[in-house]
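**Student:** make a model of this:
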Amino acid sequence: MTMEENNQMTYTQAVTELEALVQKMQDPQCSIDNLTDYTKRSKQLLDICRQKLTAADEQLKQILADIQQQG
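**Tutor:** This is a model prediction of the structure:
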């Protein structure tokens, strides 16, 4: 997946893919080669989730600050 595709991925999509990767990694038949790839992709997905959560937190803080100023 390209960086642009990662940026357009929703939080839910990232979590869903991450959950699928965890299941694959837990499979006893998972090869070391795949494990390495899955781990790299998992890190990318965790970064996406972290970015999305941080952005949502900042937006919520701004909305709450705006509400307080109006009240």
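**Student:** top helix in this structure by residue count?
**Tutor:** The longest helix of the chain (DSSP state H) is helix 32-70.
**Student:** list the buried residues for it?
**Tutor:** The neighbour-count check on helix 32-70 (16 or more other Cβ atoms under 10 Å) flags 38, 44-45, 48-49, 52 as buried. Backbone N, C-alpha and C define where each C-beta goes, glycine included.
**Student:** redo those residues as JSON lines? Include pLDDT and distance to residue 7.
**Tutor:** Compiled in JSON lines, those are given as follows (pLDDT from 0 to 100; distance: Cβ to Cβ, whole Å):
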{"residue": "38", "pLDDT": "96", "distance to residue 7": "21"}
{"residue": "44", "pLDDT": "96", "distance to residue 7": "11"}
{"residue": "45", "pLDDT": "97", "distance to residue 7": "13"}
{"residue": "48", "pLDDT": "96", "distance to residue 7": "8"}
{"residue": "49", "pLDDT": "97", "distance to residue 7": "13"}
{"residue": "52", "pLDDT": "96", "distance to residue 7": "10"}
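**Student:** residues touching the residue nearest the centre of the chain, list them.
**Tutor:** For the chain, the residue lying nearest the average C-alpha position, counting by Cα atoms, centre = their mean, turns out to be residue 49 (2.6 Å). Contact partners of residue 49, counting by Cβ atoms under 8 Å, 6 or more residues apart in numbering, are 11, 14-15, 18.
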